[in-house]
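S.K.: From the sequence below, what's the structure:
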Amino acid sequence: MPADEADPPSGGDLSRAARRLYAYAVERHSFAEAEATGDLGARAAAAITELAAAHLLQRAPGGGPERWSAVAPRTAAARALAPLALLVRETHDEMDRLRGRLEALVPAYEAGAAHLERNGSGRAELELVTDLGAARALIAELVAECGQELLASQPGGGRPLETLEEAIGRDESLLARGVRMRTIYQHTARYSRPTAAYVERVTALGARVRTLGDGLMRMLVFDGHTGLMSVPDRAGAALVVREPAVVHFMTSAFERSWVVAEPFPTTVSPEAARSLSDELRQLIVRLLAEGLEDKVIARRLGMSERTCQRHIAEIMRAVGAKSRFQAGYLLSATPAAAPAPDPGGGAGS
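M.R.: All right, here's what the predicted structure looks like:
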């Protein structure tokens with residue numbers, strides 16, 4: 001085996017030796033290291049180690065400790081990504097718990113309780129803004145004052161055109177001042193042309209944008225000391241947070257999501273669309289297994305309820321499930337059994 005097959009190329013891809021060994025493995029029920037070495041050469045041992053680390057080889061069931069068998073790529077991906085998926089779910093649950101604790105303070109604030117602590121500027125550490133116009137004005141003020149970095153977490157798929165038109169001038173001015181800006185959308189935002197066009201403009205000026213499937217809370221953090229978060233079931237309302245510990249939590253939650261999020265491409269190739277659709281399908285499967293309603297799944301994934309229902313119907317039909325929960329159970333056991341949702345259907349429509 002040539003020496004250049006020993007080292008994997010940059011970027012974490014498999015080496016040529018590993019790819020050859022994997023092709024060798026999938027043609028056999030199982031094999032021993034000595035067999036692979038005899039057929040493929042001395043590099044087979046290193047290739048086995050590399051494939052095992054990538055979860056693409058496992059000890060052959062019933063074949064003894066010295067025999068190996070191939071693992072399907074999707075199964076390997078599920079095993080490799082399981083810790084990250086757990087981290088995202090734990091972050092989402094932690095966000096929900098924090099949001100619940102903060103919402104418990106809203107009635108006391110609205111009733112005019114006089115016991116809110118004051119920070120050095122004399123402004124309330126927690127402030128509820130219920131008027132949409134006032135919330136927009138506050139965002140514009142905070143953007144104008146921002147001097148270091150703006151963090152934005154925007155669930156819900158593609159953003160409305162009028163919202164993007166309002167934001168673009170403000171964000172371009174922010175970036176022109178040298179302020180860093182990082183934004184996380186949901187994967188479904190990639191299929192929104194206005195959102196992709198907006199992302200292309202701001203990234204050309206230095207902004208960084210990524211996407212995530214689930215687990216996002218709508219929030220903004222300005223310079224690490226002032227945060228805004230949405231208020232559930234109150235459209236247009238925002239909770240302003242100046243309490244340092246809570247803002248620190250919001251920043252930490254953003255950073256944890258940022259690590260596992262993927263760069264937002266301004267164009268989506270067919271291969272990328274299929275990969276993204278596979279991930280959306282797995283998210284739908286997981287949420288089905290949790291027994292969530294269609295409208296809840298649609299909101300969590302940033303797509304319309306109609307599009308979500310179409311994907312669920314396709315999944316149920318593919319596995320012959322008679323109920324949504326049964327579909328989730330069956331697909332959790334055999335994740336490759338159903339076709340991925342079709343991105344061409346307009347994930348954010």
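
S.K.: Now do the helices in the stretch 101-250 of the chain.
M.R.: Remark: helices assigned in the stretch 101-250 of the chain by DSSP state H, counting those that start in this stretch are 106-110, 132-145, 161-176, 193-204, 244-260.

S.K.: And the contacts of the second one?
M.R.: Pointing back at helix 132-145 there. Applying CB atoms under 8 Å, 6 or more residues apart in numbering, the contact partners of helix 132-145 are 129, 150, 166, 170-171, 173-174, 220, 222, 226, 228, 235-238, 240. For the C-beta atoms, the positions are set from N, CA and C on the backbone; glycine is no exception.

S.K.: Tell me which of the helices of the stretch 101-250 of the chain lies nearest to residue 125.
M.R.: Taking CB to CB, helix 244-260 is the member of the helices of the stretch 101-250 of the chain nearest to residue 125, at 8.1 Å.

S.K.: gap between the following helix or strand past the closest one and the chain center?
M.R.: Using DSSP states H and E, the helix or strand that follows helix 244-260 in sequence is strand 262-263. Mean-position distance between strand 262-263 and its chain equals 9 Å (CA atoms, centre = their mean, to the nearest Å).

S.K.: ok, of the helices of the stretch 101-250 of the chain, where does mean pLDDT dip lowest?
M.R.: Ranked by mean pLDDT, these bottom out at helix 106-110, with a mean of 70.

S.K.: if I pick residue 25, what's in contact with it?
M.R.: Contacts of residue 25 by CB under 8 Å, 6+ apart are 31, 36, 51, 57, 68, 69, 70.

S.K.: Repeat that for residue 164.
M.R.: Counting by CB under 8 Å, 6+ apart, residue 164 has contacts 194, 195, 197, 198.

S.K.: how much space between it and residue 29?
M.R.: 55 Å (CB to CB, to the nearest Å).

S.K.: And for residue 300?
M.R.: 41 Å.

S.K.: next one: residue 251
M.R.: Taking CB to CB, one finds residue 251 at 51 Å from residue 29.

S.K.: Likewise for residue 46?
M.R.: Residue 46 is 23 Å from residue 29, by CB to CB.

S.K.: In the stretch 1-150 of the chain, where is pLDDT below threshold?
M.R.: The model of the stretch 1-150 of the chain has pLDDT under 70 over residues 1-12, 63-65, 109-124.

S.K.: check contacts around the residue nearest the centre of the chain.
M.R.: Nearest to the mean C-alpha position of the chain, by CA atoms, centre = their mean, lies residue 212 at 1.8 Å. The neighbours of residue 212, taking CB under 8 Å, 6+ apart as the test, are 88, 184, 185, 186, 187, 257, 260, 261, 262.

S.K.: Do I have it right that the second one meets residue 152?
M.R.: Yes: taking contacts as CB atoms under 8 Å, residue 184 lies within contact range of residue 152: 7.2 Å.

S.K.: Which one's more surrounded, those two?
M.R.: residue 184 (24 against 20; other CB atoms under 10 Å).

S.K.: And the more buried one, how far from residue 36?
M.R.: 43 Å.

S.K.: again with residue 238
M.R.: In terms of CB to CB, residue 238 sits 60 Å off from residue 36.

S.K.: between these two, who's got more neighbours?
M.R.: For residue 238 and residue 36, the more surrounded residue by other CB under 10 Å is residue 238, and the numbers stand at 25 against 21.

S.K.: Surely the more buried one is in contact with residue 232?
M.R.: No: counting by CB under 8 Å, residue 238 does not reach residue 232; the two are 11.7 Å apart.

S.K.: now the residue of the chain positioned farthest from its centre, what's its secondary structure?
M.R.: In terms of distance from the mean C-alpha position of the chain, residue 38 ranks first, at 43.8 Å (CA atoms, centre = their mean). Secondary structure, DSSP: H, G, I helix; E, B strand; the rest coil: residue 38 is helix.

S.K.: Break down this protein into its strands, ranges please.
M.R.: 31-32, 57-59, 67-70, 126-129, 149-154, 180-186, 208-212, 219-222, 226-230, 238-241, 262-263 (DSSP state E).
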